[in-house]
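In: Need coordinates for the below:
(chains A and B)
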Protein chains: 2
Amino acid sequence: MSQRLTIALDAMGGDHAPEMVVAGADIARERHPEVRFLLFGDAGRIEPLLNQRPSLKAVAEVRHTTDAVAGDAKPSVALRAGRQSSMRLAIDAVAKGEAACVVSAGNTGALMAMAKFVLKTLPGIDRPAIASFFPTQRGESVMLDLGANTECSPDNLVQFAQMGAIFARTVLGLVEPTIGVLNIGSEDVKGNEVVKAAAARLREMPLPGRFHGFVEGNDIGAGTVDVIVTDGFTGNVALKTAEGTAKLFSEFLRRTFESSWLAKIGYVLARGAFKRLKARIDPRRYNGAMFLGLRGVCVKSHGGTDAVGFANAIAVAVNLAANSFNERIKEEMQRVANANPLPDTKAAAV
Amino acid sequence: MSQRLTIALDAMGGDHAPEMVVAGADIARERHPEVRFLLFGDAGRIEPLLNQRPSLKAVAEVRHTTDAVAGDAKPSVALRAGRQSSMRLAIDAVAKGEAACVVSAGNTGALMAMAKFVLKTLPGIDRPAIASFFPTQRGESVMLDLGANTECSPDNLVQFAQMGAIFARTVLGLVEPTIGVLNIGSEDVKGNEVVKAAAARLREMPLPGRFHGFVEGNDIGAGTVDVIVTDGFTGNVALKTAEGTAKLFSEFLRRTFESSWLAKIGYVLARGAFKRLKARIDPRRYNGAMFLGLRGVCVKSHGGTDAVGFANAIAVAVNLAANSFNERIKEEMQRVANANPLPDTKAAAV
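Out: Take a look at the predicted model:
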């Protein structure tokens, strides 16, 4: 166990748990031979699944609990009543140092509430943020917050920028990631006081990247910047709007290819190319929203995903843990604090 | 002139003005034979264009001014210094009753500031909103506000819902439009206090449509509701995110068809079907953002549009004016005020 990276899995979270979780762990095992798994959940359901997968069973340990957080449970209720739930015990394993990270496809609000309560935030970070990466015309970008904080202060946005840039450096491998604050215009006079104050701070302070300025909604798909910073309300709406538009476009495309015989034949000829496109924009490929800013790595998988998608969420967690993402955040917050004490008075005066 | 509908055009607004404006008016003239035009701008540049289009010239009158609002002018500066600008004089024509509506492809912020100042808001409406309609999987929906008000009260959102529903009835021709408030979850507990308070009001009051509840970003493209209500910050980001995603998808599609010889041949066969798709999602078709809630019809065209797009913006203005949209808003606000006095105390207590 010494050199291995241990991952705690909430085996009961998600629409198709625990089957999807176990199958996903098996795919992840092939990709990350250095990983071992702690599976939290109903042993009576998990053990038979593991018995069908001896290679996974060899690197997996089941921690039995019959309690699970319901998909529609209120975060406050889950936090209070779910102390023996598979989700909570998986998070506890990270807090105890038994696991390097936790992955769950369960209730997002409950997961965030429990992770915040159990793991606490990193030094210098006031609030954790949900981050995800997605395809753009230029490659891949990361956006945060996607829903953890419906209202944010300029300080929160500044910290999101720092965490997002470190993410782009450590996980996306960019040397000097560009950072943009999402706004309704690129001019300095546009927007609300929060984004203006955050941008003013980001323009002056040392950053693990380059501050680009304001970006607009269309810059998300264009890939104008590597890191898009926004509050959780706007970010959540933007992410889901992009998903909805992609679905709309796919539906229009399907209707187009079915609208005539020539188009149908055209589709047959172009099918190989479309399969590659489909693979590139496959939502499972971008599965795994990261809870950044906690003293522990916590990744949320889409609830409705399959084994392939869940394996990708595990890959995100492995990537964060293996690259010591949280250590880098701590170093960065320390570096900024030493080099340039945060002008709290200025932020307060806005 | 008696039975004619007169439209005031800011002939100098937009990237390709005045050529685009005059050519757009000419297309609109063919579609709306009942319309006549007042063109505000530099007569030295407009008259030669009209001389090339005798049928348009017969129903057009030029009002000369050399002043124009710059595309990057601050709204407050435009309002103060632009009293003789083509934009301002076109709005003045509506205020004086010389024209039924005004269309401009100029500076959005300046247009909104001037239109608010000159035309004032309708009785019962505290703030005007920018609205636009767009394609969905189910047909067409309307969303507002798209950027006029970065911060909104519950009352503002309720009024947007009323105006949006009347728009859906009069212009989209729906009998009982469905209304949704944009949020980050469909459950009642999700979101900020403003959307929760607005939804609580909308659930109880009589409406010119049916209140569906909260909707999320992906519901925009799905067409879950006919009217999407949101603040101007979120709405602007959502609209531009959708535009950016559509562009990203188009770019991926282009690369896909170019990625192999088979795919190229496939495209040739399916080209007719793609032309129809392109026509359906052509942004020019959805050009024309409406400033709802003013005592006069004011429509903003995209600045970069061409004659076809500008003609569509004129069509939107004609549609609003011909359907007595503003009269219907007044009747609706009166109806609600009589039937169910607005519980101001409740809103204030939120």
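In: now the helices: where do they sit in chain A?
Out: A:19-31, A:43-51, A:54-57, A:75-81, A:86-95, A:108-119, A:154-170, A:193-204, A:217-222, A:232-257, A:261-281, A:307-322, A:325-339, A:344-349 (DSSP state H).
In: How is chain A divided into domains?
Out: A:1-122+A:293-323, A:126-290 (automatic domain parsing).
In: For chain B, which of these is the nearest?
Out: domain A:126-290 (2.9 Å; C-beta to the nearest C-beta). For glycine as for every other residue, the C-beta is placed from the backbone atoms N, C-alpha and C.
In: that older thread, let me have the helices of chain A in a markdown table, extended by mean pLDDT, distance to chain B and mean neighbour count.
Out: As requested, these are arranged in a markdown table below (pLDDT from 0 to 100; distance: least, C-beta to the nearest C-beta, whole Å; neighbours: other C-beta atoms under 10 Å in any protein chain shown):
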| stretch | mean pLDDT | distance to chain B | mean neighbour count |
| --- | --- | --- | --- |
| helix A:19-31 | 97 | 22 | 21 |
| helix A:43-51 | 97 | 28 | 16 |
| helix A:54-57 | 97 | 34 | 14 |
| helix A:75-81 | 93 | 9 | 16 |
| helix A:86-95 | 97 | 19 | 25 |
| helix A:108-119 | 94 | 8 | 23 |
| helix A:154-170 | 95 | 14 | 26 |
| helix A:193-204 | 95 | 9 | 19 |
| helix A:217-222 | 95 | 3 | 24 |
| helix A:232-257 | 92 | 3 | 22 |
| helix A:261-281 | 86 | 3 | 16 |
| helix A:307-322 | 94 | 17 | 23 |
| helix A:325-339 | 84 | 25 | 16 |
| helix A:344-349 | 37 | 19 | 11 |
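In: Nearest to B:Asp226, out of those helices?
Out: Across the helices of chain A, B:Asp226 has its closest neighbour in helix A:232-257 (15.5 Å, C-beta to C-beta).
In: what about that closest one, distance to the chain center?
Out: 19 Å (C-alpha atoms, centre = their mean, to the nearest Å).
In: Same question for stretch A:20-37.
Out: Mean-position distance between stretch A:20-37 and its chain equals 18 Å (C-alpha atoms, centre = their mean).
In: So for B:Thr108, which of the domains of chain A sits nearest?
Out: domain A:126-290 (9.2 Å).
In: what's the first-to-last distance across that closest one?
Out: Start-to-end span of domain A:126-290 (C-alpha to C-alpha, to the nearest Å) is 16 Å.
In: Could you do stretch A:56-75 as well?
Out: Rule used - C-alpha to C-alpha; the end-to-end distance of stretch A:56-75 is 32 Å.
In: in that stretch, what counts as buried?
Out: Within stretch A:56-75, the residues scored as buried using 16 or more other C-beta atoms under 10 Å in any protein chain shown are A:56-57, A:59-60, A:62-63, A:65, A:67-69, A:73-75.
In: same check, this time on stretch A:278-295
Out: Within stretch A:278-295, the residues that count as buried by 16+ other C-beta under 10 Å are A:281, A:284-295.
In: Which of the residues you listed sits closest to B:Ala317?
Out: When the buried residues of stretch A:278-295 are compared against B:Ala317 (criterion: C-beta to C-beta), the nearest one is A:Ile281, at 38.0 Å.
In: and the gap between the spatially closest residue to that closest one that is not a sequence neighbour and B:Val297?
Out: Distances taken as C-beta to C-beta, 6 or more residues apart in numbering or on different chains place A:Pro135 nearest to A:Ile281, at 5.9 Å, with adjacent residues excluded. Distance of A:Pro135 to B:Val297, given as C-beta to C-beta, to the nearest Å: 41 Å.
In: Which one's more surrounded, the two?
Out: Between A:Pro135 and B:Val297, counting by other C-beta atoms under 10 Å in any protein chain shown, B:Val297 is the more crowded of the two (28 against 19).
In: right, and that one touches B:Ala99 too?
Out: No - assessed by C-beta atoms under 8 Å, B:Val297 is found out of contact with B:Ala99, at 9.1 Å.
In: Contacts only, for the most centrally placed residue in chain A.
Out: Nearest to the mean C-alpha position of chain A, by C-alpha atoms, centre = their mean, lies A:Ala289 at 1.8 Å. By C-beta atoms under 8 Å, 6 or more residues apart in numbering or on different chains, the contact set of A:Ala289 is A:Thr108, A:Ile130, A:Ala131, A:Ser132, A:Leu146, A:Val299, A:Lys300, A:Ser301.
In: Apply 7 Å and report the result again.
Out: A:Ile130, A:Ala131, A:Ser132, A:Leu146, A:Val299, A:Lys300 (C-beta atoms under 7 Å, 6 or more residues apart in numbering or on different chains).
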